[in-house]
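Here is a sequence together with a model predicted from it:
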Amino acid sequence: MSPFDVIVVGAGPSGALAAHELARGGASVLLLDRAAFPRWKVCGACLSPGALRVLDAAGLGGIAAELGGVGLRSLVLAARGRSARVGLAGSLALSRSAFDTALVRAATAAGAVFWPGSRVSLGGLEGEARRLRVVRDGAEVLVAARIVVDATGLGRRLRDETAPCDEVTAHSRVGVGAVVRGDDYPVVPGDLHMAVGRAGYVGLVRVEDGALNVAAALDPAPLRTAGPEAVVSSVLAEAGLPALGELPLAGWRGTPLLTRSSREAGGERLFRVGDAAGYVEPFTGEGICWALSAGHAAARLAAAGTERWRDELLGDWRAYRRHALAPSQRLCRVLAGALRHPRLVSAAVAALRVAPALAAPFVSRAGRPPMGIAAMRGSAARVASAPRARVEART
């Protein structure tokens with residue numbers, strides 16, 4: 001098999017959008033994922049205004065509405081038995097099983113080849129290509145590409161023996177989630193509830209089929225002595241909400257420790273994007289926005305790398321992550337830190353009950369998309385503004 005222009009490993013929002021953009025620009029793209037689609041993921045299931053703007057820039061602006069995404073009106077913040085409602089206009093609730101599957105379909109419609117059920121290990125450089133070892137349907141195959149995009153997700157990234165491990169932030173929480181039918185549970189479509197307790201916080205929102213999506217960031221210690229459902233129930237009770245009280249349709253499932261950073265944004269002919277490049281506890285949908293923004297931006301640099309690899313491209317990618325993604329992630333670090341103190345949240349709830357507009361600057365800033373790669377200086381901006389050459393597909 002002749003080398004692909006790009007191999008994208010991981011078909012979540014970051015990887016699938018990168019594959020879509022590269023294939024749409026004429027590159028031959030192989031998209032790989034461990035799972036078969038549709039598949040469910042632990043996630044808050046919220047698309048922020050920033051995420052929707054990135055989709056629009058990729059020509060996929062109508063995808064969320066076509067899937068039945070539920071418009072969100074309000075964030076209901078609850079702590080210590082009290083709650084406050086603040087405006088959340090412009091966001092949508094959409095299940096990851098529907099959203100991720102639609103992005104993969106968009107990538108294949110643009111010309112990408114998709115191999116689900118693939119386990120991938122990173123190979124070395126050989127001439128102008130990187131090699132990958134792929135195990136699929138019990139068979140092993142070697143594939144090669146001019147550029148590899150690592151979108152493998154939280155704590156999974158492609159590694160060689162010399163690559164440093166992720167640095168997990170002290171006191172990092174664990175993500176857990178489930179989907180329940182919850183017809184009688186007091187969360188109506190259009191409201192995103194966030195319940196805060198001593199063990200963490202829990203988000204609840206109705207998605208496109210009416211089911212209740214539950215996503216929590218919890219301290220690891222309580223989970224060592226009780227199951228996730230019990231810890232989630234304790235947080236809900238502390239915030240003044242009832243227990244879920246029924247078996248989940250999907251879950252309970254956990255994630256690795258959430259907040260982490262990677263010392264490497266990639267390597268020669270390798271870009272790490274999305275959660276594989278580090279993660280911060282999000283607030284109201286920023287995680288998907290960061291992933292989509294990174295996939296969209298990395299596609300421009302990967303396209304340039306298929307023509308001619310230059311170390312400056314990796315430098316541009318580091319600069320993009322530092323200047324475009326880091327400010328939003330710093331804000332979420334602050335907000336996530338505040339959510340660790342239920343008394344502080346309770347005081348904020350009391351203030352917001354009187355003046356809900358106090359939350360507007362934080363909600364607006366958290367929902368804003370990172371700057372595009374075209375706004376960055378250097379070759380990244382030149383790549384973004386230049387027409388992309390159509391490359392003959394290789395098979």
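Great, that's in hand. Just so you know, these numbers come straight off a predicted model, no measurement behind them. Numbering: from 1, shown residues only.

give me every residue that touches the residue at minimal distance from the centre of the chain.
The centroid of the chain falls nearest to residue 288 when counting by CA atoms, centre = their mean (3.6 Å). Going by CB atoms under 8 Å, 6 or more residues apart in numbering, residue 288 touches 13, 43, 46-48, 51, 99. C-beta: built from backbone N, CA, C; applies to glycine.

what's the neighbour count on the nearest residue to residue 157 once chain neighbours are set aside?
Among residues not flanking residue 157 along the chain, residue 276 sits closest, at 3.9 Å (CB to CB, 6 or more residues apart in numbering). Look at residue 276: counted by other CB atoms under 10 Å, it has 28 neighbours.

and residue 276, backbone torsions?
Backbone torsions for residue 276, taken as degrees, to the nearest 10, come to phi -70, psi -20.

hang on, the earlier thing: go through the contacts of residue 288 and name the one nearest residue 173.
Residue 173 lies nearest to residue 43 out of the contacts of residue 288, by CB to CB, at 14.8 Å.

picking up where we left off before, what's the helix or strand for the residue nearest to the centre of the chain?
In this structure, residue 288 is located in helix 286-307 according to DSSP states H and E.

For that helix, give the mean pLDDT please.
In this model, helix 286-307 has a mean pLDDT of 92.

what's the answer for stretch 94-102, then?
pLDDT averaged over stretch 94-102 gives 97.

ditto for stretch 347-354
89.

In that stretch, which residues are buried?
348-349, 352 (16 or more other CB atoms under 10 Å).

Run through the neighbouring helices and strands of the host helix or strand of residue 31.
Per DSSP H and E, residue 31 falls inside strand 29-32. Applying 3 or more CB pairs under 8 Å, 6 or more residues apart in numbering; DSSP states H and E, we find strand 29-32 packed against strand 4-9, helix 13-24, helix 96-109, strand 113-115.

Out of the ones you listed, which gets nearest to residue 320?
Comparing the helices and strands packed on strand 29-32 by CB to CB, helix 13-24 comes nearest, at 13.2 Å.

helices or strands up against that closest one?
By 3+ CB pairs under 8 Å, 6+ apart, helix 13-24 packs against strand 4-9, strand 29-32, helix 96-109, strand 139-150, helix 286-307.

any low-confidence regions in the stretch 1-150 of the chain?
1-2 (pLDDT under 70).

State the next helix or strand along the chain beyond the helix holding residue 288.
Criterion used, DSSP H and E; the element after helix 286-307 is helix 311-320.

Now do that following helix, average pLDDT.
On average, helix 311-320 scores 92.

C-alpha coordinates for it, CSV please?
The C-alpha trace of helix 311-320 is given here as CSV (Å, rounded to 0.1, in the frame of the first residue of the first chain):
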residue,chain,number,x,y,z
ASP,A,311,10.2,21.7,12.0
GLU,A,312,8.6,25.2,12.0
LEU,A,313,5.3,23.5,11.6
LEU,A,314,5.6,21.8,15.0
GLY,A,315,6.7,25.1,16.4
ASP,A,316,3.6,26.8,15.0
TRP,A,317,1.4,24.0,16.5
ARG,A,318,3.0,24.6,19.9
ALA,A,319,2.4,28.4,19.5
TYR,A,320,-1.3,27.8,18.6
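
after that helix, next one along is what?
helix 326-338.

what separates that next one from the chain centre, distance-wise?
Chain-centre distance of helix 326-338: 16 Å, with CA atoms, centre = their mean, to the nearest Å.

Show me what it is packed against.
Using 3+ CB pairs under 8 Å, 6+ apart, helix 326-338 is in contact with helix 286-307, helix 342-354, helix 360-366.

Just confirm residue 50 contacts residue 291, I think it does.
No - between residue 50 and residue 291 there is no contact under CB atoms under 8 Å: 11.2 Å.

Now do the helix holding residue 288 against strand 139-150, angle only.
100 degrees (axes from the mean of the first three to the mean of the last three CA atoms, to 10 degrees).

Using PDB, list the CA coordinates for helix 286-307.
The C-alpha trace of helix 286-307 is given here as PDB (Å, rounded to 0.1, in the frame of the first residue of the first chain):
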ATOM      1  CA  GLU A 286     -15.500  23.800  26.500                       C
ATOM      2  CA  GLY A 287     -13.900  20.300  26.100                       C
ATOM      3  CA  ILE A 288     -15.600  19.600  22.800                       C
ATOM      4  CA  CYS A 289     -14.900  23.200  21.700                       C
ATOM      5  CA  TRP A 290     -11.200  22.700  22.400                       C
ATOM      6  CA  ALA A 291     -11.200  19.400  20.600                       C
ATOM      7  CA  LEU A 292     -12.900  20.700  17.500                       C
ATOM      8  CA  SER A 293     -10.700  23.800  17.400                       C
ATOM      9  CA  ALA A 294      -7.600  21.800  17.700                       C
ATOM     10  CA  GLY A 295      -8.600  19.400  15.000                       C
ATOM     11  CA  HIS A 296      -9.600  22.200  12.600                       C
ATOM     12  CA  ALA A 297      -6.300  24.100  13.200                       C
ATOM     13  CA  ALA A 298      -4.000  21.000  13.100                       C
ATOM     14  CA  ALA A 299      -5.500  20.000   9.700                       C
ATOM     15  CA  ARG A 300      -4.000  23.200   8.200                       C
ATOM     16  CA  LEU A 301      -0.600  22.400   9.500                       C
ATOM     17  CA  ALA A 302      -0.800  18.700   8.600                       C
ATOM     18  CA  ALA A 303      -1.800  19.700   5.100                       C
ATOM     19  CA  ALA A 304       1.400  21.800   4.800                       C
ATOM     20  CA  GLY A 305       3.400  18.900   6.200                       C
ATOM     21  CA  THR A 306       2.300  16.600   3.500                       C
ATOM     22  CA  GLU A 307       3.900  18.900   0.900                       C
END
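
list the buried ones in it?
Quick answer for helix 286-307 (16+ other CB under 10 Å): 286-306.

Repeat that for stretch 220-230.
222-223, 228-229.

can you tell me the average pLDDT over it?
94.

now do the same end-to-end measure for it.
13 Å (CA to CA, to the nearest Å).

Quick check, pLDDT for residue 327.
The model's pLDDT for residue 327 equals 73.

Could you do the one 3 residues further on as well?
For residue 330, the model assigns a pLDDT of 73.
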